[in-house]
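# Dropping the sequence and predicted coords here.
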Amino acid sequence: MPELPEVEVTRLSFVGEITGARVVSVCMGKALRWPLGCSVAQLAGRTVRAVRRRGKYLLIDLDQGLLLVHDHFEMLTTRGTLRLNDPRRFGAVVYADSEDAPEARKLLARLGMEPLSDGFDAKQFHAELKLRKTVIKQVLLAGDIVVGVGNIYASEALFMAGIKPTLSAAKLSRPRAVKLHAAIRDVLARAVAKGGSTLRDFSSTNGERGYFQLEAMVYGREGQACRVCGTPIKAIRQGQRSTFYCPNCQKT
DNA sequence: AAAAGCCCCTGGATGC
DNA sequence: TGCATCCAGGGGCTTT
């Protein structure tokens, strides 16, 4: 399943060859979460101007309009096929006339800061955390302060920063928030470099798997020894999702 | 406003 | 061996 690194790896794997290509046909497969918003036939012949990413959405700019892609999609172009596939139906592809059109705004409006961009500011991050009473893990997942930190990378970033996942976000001191800010950037950047995490079914367009999961410090390692101190890793449930942490390295 | 819970769907793993 | 059950995952939506 794609978190930010998987979407970014996918984007990088085809952006070079597909920019400038013309759309030959689009195959939507099964019904997705929402209707496309235009007919598939209308897309044929349009030119791909750019491929961007916002959070976990892929934005495909066409010479007229854009597509917001969230998995599960196949597009044949004059320069190759763009394929995103996840067996489940969490995905969506939405057409919008522009990024300011209601269809696009609805999906993009609430998104927080891009963690790998210069706009991800540590002070602002801390200021926004101070306004939240929710536990820090949930705040990271929510995506309205910072986007792209999914379940795997939330646990990993908190481990790197030495922060207990159940700590209230508002209680993070400035130095600890700064440390978490750096940890998020670091873990996501390293994951992109490793091709993402292939836990069950992710692979980029060219079929390559990711290897970041092999470096996971805590995710999926319940009961195993912490790679730093040897203490058994704990697994807990937060908001119907699993969280992994080291009770010794992440005491508070 | 923020927080918490629900729900979508399918395949792989596990359990009987 | 076959069938039932559980689980994972993102995030929009509804309810508190």
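Sure, I can see it.

# Show me the beta-bridge partners of the residue nearest to A:Val40 when sequence neighbours are not counted.
Leaving aside its chain neighbours, A:Val40 sits nearest to A:Val26 (4.8 Å; criterion: Cβ to Cβ, 6 or more residues apart in numbering). Where C-beta positions appear, they are placed from N, C-alpha and C, glycine not excepted. Residues in a beta bridge with A:Val26, per DSSP bridges, are A:Met75.

# A:Val26 touches A:Glu74, doesn't it?
Yes. In terms of Cβ atoms under 8 Å, A:Val26 counts as a neighbour of A:Glu74; the distance is 7.2 Å.

# residues near the residue of chain A found nearest DNA strand C, how many?
Here the residue of chain A nearest DNA strand C is A:Gly150; by Cβ to the nearest atom of the strand that distance is 2.3 Å. Using other Cβ atoms under 10 Å, A:Gly150 has 22 neighbouring residues.

# which residue packs closest to it, ignoring adjacent ones?
A:Glu3 is the one closest to A:Gly150 (Cβ to Cβ, 6+ apart), at 3.2 Å.

# any idea how far the one you found is from A:Pro115?
Distance from A:Glu3 to A:Pro115, counting by Cβ to Cβ, to the nearest Å: 11 Å.

# Could you tell me which residues touch both of those two?
Jointly contacting A:Glu3 and A:Pro115 under the rule Cβ atoms under 8 Å, 6 or more residues apart in numbering are A:Gly148, A:Val149.

# which one of A:Val26 and A:Glu74 has more residues nearby?
Set A:Val26 next to A:Glu74 and count neighbours by other Cβ under 10 Å: A:Val26 wins out with 22 against 15.

# Give me the pLDDT for A:Ala31.
Confidence at A:Ala31, expressed as pLDDT, is 63.

# quick one on the thing from earlier: can you get me a residue count around the residue nearest to A:Gly150?
Neighbours of A:Glu3 under the rule other Cβ under 10 Å: 22.

# ok, back up a step: so who does the residue nearest to A:Val40 touch?
Here A:Val26 is in contact with A:Val40, A:Leu43, A:Ala44, A:Phe73, A:Glu74, A:Met75, A:Leu76 (Cβ under 8 Å, 6+ apart).

# Count the neighbours of the nearest residue to A:Val218 once chain neighbours are set aside for me.
The shortest distance from A:Val218 to any residue other than its chain neighbours is 4.1 Å, reached at A:Phe244 (Cβ to Cβ, 6+ apart). Neighbours of A:Phe244 under the rule other Cβ under 10 Å: 24.

# Go through the host helix or strand of A:Phe244 and flag the buried ones.
Per DSSP states H and E: A:Phe244 is located in strand A:241-245. Using 16 or more other Cβ atoms under 10 Å as the test for burial, strand A:241-245 gives A:Thr243, A:Phe244, A:Tyr245.

# Contact partners for A:Ile233?
Per Cβ under 8 Å, 6+ apart, neighbours of A:Ile233: A:Val218, A:Arg221, A:Glu222, A:Gly223, A:Gln224, A:Ala225, A:Cys226, A:Phe244, A:Tyr245, A:Cys246.

# Surely the second one is in a helix?
This means A:Arg221. No. The assignment for A:Arg221 (DSSP: H, G, I helix; E, B strand; the rest coil) gives coil, which keeps it out of a helix.

# Could you list which residues are in contact with it?
By Cβ under 8 Å, 6+ apart, the residues touching A:Arg221 are A:Ile233, A:Phe244.

# buried set for stretch A:93-101?
Residues of stretch A:93-101 classed as buried: A:Val93, A:Val94, A:Tyr95, A:Ala96, A:Glu99 (neighbour count, 16+ other Cβ under 10 Å).

# and the two most separated of the residues you listed?
The distance between the two most remote of these (Cβ to Cβ) is 15.4 Å, for A:Val93 and A:Glu99.

# That'll do, ta.
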